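In: Just a sequence and a predicted model for now, questions to come.
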Amino acid sequence: MAIFRAETKSMSRGQGHNLAAAISYRAGIKLTDNNKLNPDARSYDYTKKTDVVHSQIMLPNQLREQLEARGIELDFQSIADLVEIGETTKRGKMKNSARLAREWVLCGVPELSRAENIELFEQFAQQQSEEQGVLSMVFVHDPTAGDDMANIKAAAKHKDMAAPDPRNIHAHILLLTRKLDVSKDNKLSLGGKSDSEVSNDERTRPVVPKELIGEVDPKTKERIQKGRGLCSNSEWLKNTRKQWADILNERLAQKGVQPVTHKSYKDLGLTFKPTQHLGKDASILERMGIQTEIGIHNESVSRYNHNQIRLAADRLAFKAEPRIDDSKRWIDSINSGDVRAQHRIERSKRQLDSGKQDVERAVAAGTETSRVAEKNSRYAEWAIKRTGQIDQIISGSEQPATNITEQERQVDSLIAKHTRTTASISPSPFDDNARRARAIKLAEEQERFDTAATSYDRRTKYYSGRIENVNKQLRHIRLGYAQKLLDRHKEDNRLRPGWRESSDDYPNKYDYRQSDLLDAFAEKFTLNKASGEDHRDYIRRLSDTFDSPFFTENKPIMDLLRDPKAERDQYDAIKIHYDTFIKNLDEQRKTIDDKKKYALGDVGQVSRMTAESVSAPSYINALDNYINNEATADQNKALAIEHRADTINRTCQQFKHGMIGLSSIREADKRQRHSEALQQSLDSFTTSYGKELSKDEQKAINVGLSATKQPVQSNTMRFRR
């Protein structure tokens, strides 16, 4: 039967933990603590641990893309060094209270294969990495793979070791407590804390703009503190445990296995007591036949829970017996009621026939016709009405009578399942006690409804106030971004042209590229102040524009306004791939151009422009392949498209000056080689890109052709001979 286990704890130096030791043990490898500030630094060797069947490093998608773009690879030793060496104080001393990692211990499911359990463990770890933006590590232990370390301990004590529980496949998942930052020189460092590691106060406080932190709140008269607007730590732990239960249950449902729950016995309304986890040391001792305090405690808890189950079963059986008797009496009453109803119908029919005969006799005799007819007519109508009621009664009685077998089956089902429910008997409409009971029940339901409605109104009012406050905060935040856009031209916010300012010196200023992006953004959405526009109308227009959908649809620009340095670092990290590609492509082209100049008979600038004209089509074709590659980032595609347009324009100018320069070549053979090379490359260039040329680019080529006194054909621009 599948069980649920999801425990977490924090690894900190204050509790004597060391990340190198923790990874070494869980991965079954040898690692060294290279922290020179740690006087107890040493190597840890757990290569004899044979129950480790899987070890994996998991990265959030954004961090993985950054590392892949920069060619950075991580292993367990580098991760241990990064944390142990990086967790220092501002003065460069060892931080003795540092939290190094958070561990989750998850229990696998014996109904699944080892590969399926590993897949679920990695799914949970990847989910946590994405939510918190941190690196995680997955270590899966399976006792069926071996337990050499435990056997060695048993042999040292001359004890026989019982086989481990083959169902005890489990995972140790370590998540770093800090995010990783990548510098321009491809160095990793520890960044800010993840959401799970901040204090409960900071987690639950609402998010406020940076410029408001430290200011005095006019309502509370207290200084505004930084917050993350998250749920409390306890709620986060419950939600995380539920995430693991949901992952398990999705796969268990496919296998037809009973689902698990993350809820405690208390939440489920059970009186059971939980057992304690044995742990590796106590487990080894128990397998040696040595009793431990935890093992004794768990045995007593198991006996208590077993007794609770037996008592619950006895109570259900005791309560079921009178319900069985009630059901049998109900079935008997149906049978007897059927007979009584039939007699009442026959008696009513006889009374009806007698009334009709009295009417007929009174009419025939002509005596007291009106009186007798009226009396007997009323009697007849009453009898007919009564007969209809009796028909309804018997029809209602016949249906239960025909379902006696089904009722018996339901009673048997109630006994088998020990449930609290039983067949309900419809009360008689002529029973005063039943009517009073229904009236009392209706009053109770009305009272419950009124109580629920009052509670709903109270909650609605409370949450409406909360929602209104949140909307005010969001509006304040959006207006803060609008103000940042307005202030982008101030000297303190952007690099000043002509002042030789650099983003390295002023990382929090918008660089020239970012300034152009913001200007284009403001121009696109007409966010600049119009000539003659009233300032108050202008601010109101901005406020209406910066609503939630606008904020969401333009998130990249909002991220740029919020933190230009982070946007720049992300842009540079992606741009490295483009820079490397262009650098390699230019080097390849230079090699080809040098060989071509030598073949033409190098005569200076004319040879250089001719050689570059010859290599231009293949160069542009390489750019097209880079642009059309699905793996190329959109940012790099835009850069490549811009560079492609510059290359085409430059090539047109090279054709122009190359053709004009032909007349300066004195040697006839060299002039002929240059002319033929220009002609062939021009044919290839205009065939591929002639339709893309602008008027100025077309004009540049025509100027070159006119210098050679050769007219241009319509589309291909070939030389005429």
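Out: Looks like it came in fine. Residues are numbered from 1 along each chain as shown.
In: Now for the closest residue in space to Ile477 that isn't next to it in sequence, how many residues are close by?
Out: Distances taken as CB to CB, 6 or more residues apart in numbering put Pro209 closest to Ile477, at 5.8 Å, once the chain neighbours are dropped. From N, CA and C alone the C-beta is placed, and that goes for glycine too. Counted with other CB atoms under 10 Å, the neighbours of Pro209 add up to 17.
In: got it, and Pro39?
Out: 7.
In: Need phi/psi at it.
Out: Dihedral pair for Pro39: phi -70, psi -20, per degrees, to the nearest 10.
In: can you offset everything so residue one is 35?
Out: Sounds good: first residue 35 from here, last item Pro73.
In: For Ser131, see how far away it is.
Out: 17 Å (CB to CB, to the nearest Å).
In: ditto for Lys495
Out: 44 Å.
In: lowest average confidence, helix or strand, in the protein?
Out: helix 403-436 (a mean of 48; mean pLDDT, DSSP states H and E).
In: and the closest residue to Glu256 other than its chain neighbours, what does it touch?
Out: Excluding its sequence neighbours, the residue lying closest to Glu256 (CB to CB, 6+ apart) is Val250, at 7.1 Å. By CB atoms under 8 Å, 6 or more residues apart in numbering, the contact list for Val250 reads Glu256, Arg257, Ile258.
In: neighbours of the last one, just the number please.
Out: Counted with other CB under 10 Å, residues neighbouring Ile258 total 16.
In: While we're on it, how confident is the model there?
Out: Looking at Ile258, its pLDDT stands at 83.
In: can you pull the contacts of it?
Out: Contacts of Ile258 (CB under 8 Å, 6+ apart): Val242, Leu246, Ile247, Gly248, Glu249, Val250, Asp251.
In: From the residues you listed, which land in helices?
Out: Among the contacts of Ile258, DSSP state H puts none in helices.
In: Buried ones among those?
Out: Among the contacts of Ile258, those classed as buried by neighbour count (16 or more other CB atoms under 10 Å) are Val242, Leu246.
In: Among the contacts of Ile258, give me the pair with the biggest separation.
Out: Comparing every pair within the contacts of Ile258 by CB to CB identifies Val242 and Val250 as the most remote, at 12.8 Å.
In: Just the strands from the stretch 135-284 of the chain, written as ranges.
Out: For the stretch 135-284 of the chain, the strands defined by DSSP state E, counting those that start in this stretch cover 170-175, 204-210, 212-216, 222-227.
In: quick one, which of those is nearest to Lys629?
Out: Among those, strand 212-216 sits nearest to Lys629 (CB to CB), with 39.2 Å.
In: Determine the set of other helices and strands touching that closest one.
Out: helix 95-104, strand 222-227 (3 or more CB pairs under 8 Å, 6 or more residues apart in numbering; DSSP states H and E).
In: right, and the helix or strand after the first one?
Out: So that's helix 95-104. helix 110-120 (DSSP states H and E).
In: Just name the closest of the contacts of Val250 to Ile207, please.
Out: Looking across the contacts of Val250 and measuring by CB to CB, the closest to Ile207 is Ile258, at 36.0 Å.
In: how much space between the closest one and Lys506?
Out: 14 Å.
In: go on, Gln111?
Out: 50 Å.
In: Could you give the separation of stretch 160-167 from the chain centroid?
Out: The chain centroid and the centroid of stretch 160-167 are separated by 8 Å, computed with CA atoms, centre = their mean, to the nearest Å.
In: show me where pLDDT drops low in the stretch 435-584 of the chain?
Out: Scanning the stretch 435-584 of the chain for pLDDT under 70 picks out 435-470, 472.
In: about what we covered before: test my guess that the residue nearest to Ile511 contacts Gly514.
Out: Yes. With contact defined as CB atoms under 8 Å, Pro243 counts as touching Gly514 (4.5 Å).
In: Now do Met693 against Thr685, distance only.
Out: Taken as CB to CB, the span from Met693 to Thr685 is 13 Å.
In: do the same with Ala564
Out: From Ala564 to Thr685 the distance is 42 Å (CB to CB).
In: Same check on Phe580?
Out: Phe580 is 44 Å from Thr685, by CB to CB.
In: the more surrounded of the two?
Out: More crowded of Phe580 and Thr685, by other CB under 10 Å: Thr685, with 26 against 22.
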